[in-house]
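Undergrad: 3D model of this:
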Amino acid sequence: MTQPTLAHTHAMQSLGIERLSLLGKHSQVLMAAYLHGEIDEAQLSERALRQLVHAHIVYQPDDTRGFILRPNVSDLIASMVADENRRHVHSDVADKLETIRVCVLTLREAQRRGDVTKADLQLQRLTALVHDLAGQFGEAIDSLWHRLNSNFGFVSSLSDKIRENERAQKQITRLLDGLNLVDFDMLIELGEGNVQLRKLLVSQLQRQLSAHHSSLLEVQKRLVQLMVRFREQQARSVLIANMAGFLREHTNFVVGDYAYRHQVPDLINQAKPIRPAAAISLDSHVASALAAELLAHIPRQQSHDVLPSSQEQVQVDIDSPLVAAREQALKADVEAFMLHVIDSGQAVSALEYLTQQQLDWDPEVWLFQVLGEYQGLHSEQRRLFMLQRDEHPMHRHNQVMVIEDLRLNFHFAA
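TA: All right, here's what the predicted structure looks like:
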């Protein structure tokens, strides 16, 4: 049984090479027929035309018409040149799944009989069927992307856009229905006990179909985005066209200032009324007497800015040594804090130290003094300390940082 199978394979290979050669040999005539609808018989001999008919490349529908391309050849050319107007996507998933099932059964039967050659041929055919099943969805999604970026994106009216949208949505629905027809439970059962079949029918196919599901989701997002954008552009175009038509009919129309109208349309009247600011015109002599009378009735405010007396000035001078003493005490406490950091050998929080020692300093003044003492150290001494700032931005709209706490650590130089 192996010899007839090999002979049949060689015969099919020779026939395929011969007919593919016909396509290449008469490519110009066939492409012209694809574009114009019929074969120009003047460019072909009778023998060449007979070969094309026998190879199922062209045919004559009736006596009143010339020779035209067969549908499968037209679909092949449309797919190769990405002609979305004539491109067709075949999604007969159920038939392909049945073919895959029969092929798997034939493969298992050949393996049981020990027919290695036939089993290899069936495995090769099964691989091609699985790739074809996944590839038809990829071809359909590619066709959708081309249509969205060509026909769908360049229509002139809303009705054409709606028709293109419905067509794309129906194709997406058909593709989703086709993907749902793939029963992985059946495929798992078919590949049971065979590593190659499980990898081909389950792992590989599921990975490809998941990618197609994701691609269809992106196509739907793109479709909705284009539809919304077109509706916005259409609304602007209608508004401008209607306004232009109104101005042509009313040539003397001048757009008024709605702020000075007593009855404002509800479309415009969205804000609360604004009270205009008023000011006295000092250069007008007509209302000068009235302005003087109004000014005289304005109550006068008593000034609270009292100059300091000589006694208070003396008091400030007396308190100056006290202020200096407070500053020295604050500086001494900060130096004690830095000595505590050196003795502890670990990072110490300035605010925690202030609380533990029960020092009577304002936290903000204390942090400011610690930061000033650290920055006032000599560069060699400053390298012995490491200052960490616990800070946060004051507001998300500016870059001002508020210091919450300071942590000082001492480390010996290497």
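Undergrad: Quick one: mean pLDDT for the top helix by length along the chain?
TA: Counting residues, the longest helix found in the chain (DSSP state H) is helix 205-249. For helix 205-249, mean pLDDT is 85.
Undergrad: what's Gln43 in contact with, if anything?
TA: Gln43 makes contact with 28-29, according to C-beta atoms under 8 Å, 6 or more residues apart in numbering. Placement of C-beta: from N, CA and C, glycine included.
Undergrad: From Gly66, how far off is it?
TA: Computed as C-beta to C-beta, to the nearest Å, the Gln43 to Gly66 distance reads 12 Å.
Undergrad: Then Ala292?
TA: Look at Ala292 and Gly66: by C-beta to C-beta, they are 107 Å apart.
Undergrad: between those two, who's got more neighbours?
TA: Each of Ala292 and Gly66 has its neighbours counted (other C-beta atoms under 10 Å); Gly66 has more, 13 against 9.
Undergrad: May I ask you to confirm that that one belongs to a strand?
TA: No: assignment of Gly66 by DSSP: H, G, I helix; E, B strand; the rest coil gives coil, placing it outside any strand.
Undergrad: State the distance from Met186 to Ala277.
TA: Separation of Met186 from Ala277 (C-beta to C-beta): 82 Å.
Undergrad: Settle it for me: which of those two has more neighbours?
TA: Ranked by neighbour count (other C-beta under 10 Å), Met186 and Ala277 place Met186 first, with 13 against 5.
Undergrad: ok, the closest residue to that one other than its chain neighbours - how many residues close by?
TA: Distances taken as C-beta to C-beta, 6 or more residues apart in numbering place Arg101 nearest to Met186, at 7.4 Å, with adjacent residues excluded. Around Arg101 there are 15 other residues, counting by other C-beta under 10 Å.
Undergrad: name the helices or strands packed onto whichever helix or strand Arg101 is part of?
TA: Assigned by DSSP states H and E, Arg101 belongs to helix 93-113. In terms of contacts (3 or more C-beta pairs under 8 Å, 6 or more residues apart in numbering; DSSP states H and E), helix 93-113 is packed against helix 116-148, helix 158-181, helix 184-190.
Undergrad: From the chain's centre, how far out is that helix? Work that out for me.
TA: Relative to its parent chain, helix 93-113 has a centroid offset of 43 Å by C-alpha atoms, centre = their mean, to the nearest Å.
Undergrad: How confident was the prediction at Arg70?
TA: For Arg70, pLDDT reads 77.
Undergrad: residues near it, how many?
TA: 15.
Undergrad: Hmm, Gln60 and it touching each other?
TA: No: the pair Arg70 and Gln60 fails to qualify as a contact (C-beta atoms under 8 Å) at a distance of 10.9 Å.
Undergrad: The nearest residue to Gln171 once chain neighbours are set aside and Lys161, how far apart?
TA: Nearest residue to Gln171 in three dimensions, chain neighbours excluded: Leu144, at 6.3 Å (C-beta to C-beta, 6+ apart). Remark: distance between Leu144 and Lys161 (C-beta to C-beta) = 16 Å.
Undergrad: repeat for Gln220
TA: Distance of Gln220 to Lys161, computed by C-beta to C-beta: 16 Å.
Undergrad: Same question for Tyr374.
TA: To Lys161, Tyr374 is 68 Å away according to C-beta to C-beta.
Undergrad: who does Asp390 bridge with?
TA: With DSSP bridges applied, Asp390 shows beta-bridge pairing to Asp405.
Undergrad: That one: how many residues sit nearby?
TA: Neighbours of Asp390 (other C-beta under 10 Å): 13.
Undergrad: Kind regards, and thank you for your time.
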